[in-house]
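Novice: Would you be able to build a 3D model of this:
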Amino acid sequence: MSEIRVLMFIPGIIGGGVEQFIVNFTKYLPEDYKITVVYQHEPNEICLQKFKDSGCETIRIASKKSHPIRNFIQSYKVIKKINPHIVHSHMNQFSFIPLLLAKFKHIKVRIAHSHINEVNETGIVKIINQLGIFFTNLFCNYRFSCGKEASNYMFKSKSAIIIENGINLKRFQFNVNARKETRSNLEVDEKFVIGNIGRLTEQKNQIQLIKVFNEIIKVDNKYVLVIIGSGELENHLKQLVNQLAITNNVIFINGTNEIEKFYSAFDLFILPSLYEGFPVCAIEGQANGVPIIINNTIDSSVVFNPNVYSVDFNRKCDILAQEILNLKLERITSINKLLSVYDEESTAQKILSLYSEMLERDYS
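Specialist: Coordinates of the predicted model:
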């Protein structure tokens with residue numbers, strides 16, 4: 001093949017781990033690979049530029065939630081226009097939409113990629129999600145997953161290939177100059193900085209984080225919370241900060257091209273997500289060595305460093321705040337050798353090898 005066309009479907013471009021994962025590995029693919037990323041919703045411009053810089057074409061389609069019929073039609077038109085050799089869907093339970101259309105158009109390599117762990121599902125939501133999972137497994141012929149729990153949730157007893165969420169480990173290593181520069185720019189030189197990075201959505205649980213942080217600064221006002229990301233809850237989170245009268249202690253940052261500097265600036269990184277697949281930011285934080293607190297709902301296999309603490313966020317905020325304050329937090333300044341498997345170049349080579357095997361098997 002003179003040109004190998006790969007069509008990827010993702011929910012949106014708003015600074016999430018899935019987007020960063022794709023950016024990290026696609027830049028290592030050979031020139032004969034043409035990557036097109038199909039997304040929904042208004043994009044974060046900084047994140048959108050990252051895709052362009054990595055050589056990806058991007059196409060926006062209608063939201064499946066707001067305009068399901070238009071989303072279906074536009075997905076079909078994109079597949080028909082691009083005529084890809086591979087459709088690689090990162091839509092979790094809703095991967096069945098592009099994979100169904102890909103099968104209808106006789107695309108021979110159809111990959112469902114799970115980035116999500118089990119959700120606290122009830123009622124109609126559980127029915128819809130489980131139906132989505134059933135049809136995703138029906139229409140895909142290859143299964144990738146970021147971790148074992150994400151695989152169990154999406155693919156049940158069916159086997160999946162684990163694809164590590166690779167990053168540039170050296171880029172995220174602790175840098176004292178970056179720490180001084182970033183803290184100076186934020187005007188928090190003498191403060192204890194707590195960081196959070198991710199989409200501003202219900203899943204990421206920043207509402208609970210802000211409420212817990214409010215209890216922390218009742219004990220000591222030296223703490224500052226930095227939240228980096230964008231999403232549908234942005235205005236709600238800012239209103240909550242205003243209502244709690246803690247605007248002087250909370251900083252919102254919409255996006256950045258230098259996220260690694262912030263890990264060095266943080267004294268503590270908190271990931272309170274209600275559920276995750278295998279969070280990229282947890283690997284980034286551990287490469288940096290910053291102390292990390294994760295919700296106990298997150299897959300424990302993400303933990304490599306001894307300064308990562310699993311905490312139950314489903315508790316009263318004052319009790320949780322006191323537990324955080326009682327932790328003995330120390331930074332690790334060298335990269336844990338166990339993280340070497342999460343090097344982005346190794347991830348890219350693994351995916352490239354799998355793509356090649358699939359293409360040879362199905363198109364030869």
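
Novice: For residue 32, give its distance to residue 102.
Specialist: 21 Å (CB to CB, to the nearest Å). For glycine as for every other residue, the C-beta is placed from the backbone atoms N, C-alpha and C.

Novice: of those two, who's got more company?
Specialist: Taking other CB atoms under 10 Å, residue 32 and residue 102 do not tie; residue 102 has more neighbours (27 against 10).

Novice: any idea which element the more buried one lies in?
Specialist: Assessed by DSSP states H and E, residue 102 sits inside helix 96-104.

Novice: buried ones in that helix?
Specialist: 96-103 (16 or more other CB atoms under 10 Å).

Novice: Next: stretch 23-31.
Specialist: By neighbour count on 16+ other CB under 10 Å, the buried set for stretch 23-31 is 23-29.

Novice: which residue ranges form the helices in the stretch 251-364 of the chain?
Specialist: 259-265, 280-288, 317-326, 344-363 (DSSP state H, counting those that start in this stretch).

Novice: can you redo those as JSON lines with distance to residue 155, mean pLDDT and mean neighbour count?
Specialist: Output for the helices of the stretch 251-364 of the chain, formatted as JSON lines (distance: least, CB to CB, whole Å; pLDDT from 0 to 100; neighbours: other CB atoms under 10 Å):
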{"stretch": "helix 259-265", "distance to residue 155": "31", "mean pLDDT": "97", "mean neighbour count": "22"}
{"stretch": "helix 280-288", "distance to residue 155": "21", "mean pLDDT": "95", "mean neighbour count": "26"}
{"stretch": "helix 317-326", "distance to residue 155": "34", "mean pLDDT": "96", "mean neighbour count": "16"}
{"stretch": "helix 344-363", "distance to residue 155": "16", "mean pLDDT": "96", "mean neighbour count": "15"}
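
Novice: Ok, which of those helices comes nearest residue 334?
Specialist: Distance to residue 334, taken as CB to CB, is lowest for helix 280-288 among the helices of the stretch 251-364 of the chain, at 10.2 Å.

Novice: so what does that closest one touch, helix or strand wise?
Specialist: Secondary-structure packing of helix 280-288 (3 or more CB pairs under 8 Å, 6 or more residues apart in numbering; DSSP states H and E): helix 17-26, helix 259-265, strand 268-271, strand 292-295.

Novice: Run through who's touching the last one.
Specialist: What it means is strand 292-295. Strand 292-295 has contacts (CB atoms under 8 Å, 6 or more residues apart in numbering) with 205, 268-274, 282, 285-286, 302-303, 305, 307-313, 324, 327.

Novice: before we move on, what about the first one?
Specialist: Defining contact as CB under 8 Å, 6+ apart, one finds that helix 17-26 is touched by 8, 10-11, 13, 33, 35, 37, 47, 50-51, 53-56, 90, 115, 146, 165-168, 198, 279-281, 344, 347-348, 351.

Novice: So which of these belong to helices?
Specialist: 47, 50-51, 53, 280-281, 344, 347-348, 351 (DSSP state H).

Novice: Which of these sits closest to residue 136?
Specialist: Nearest to residue 136 among the ones in helices among the contacts of helix 17-26, with distances taken as CB to CB, is residue 351, at 19.4 Å.
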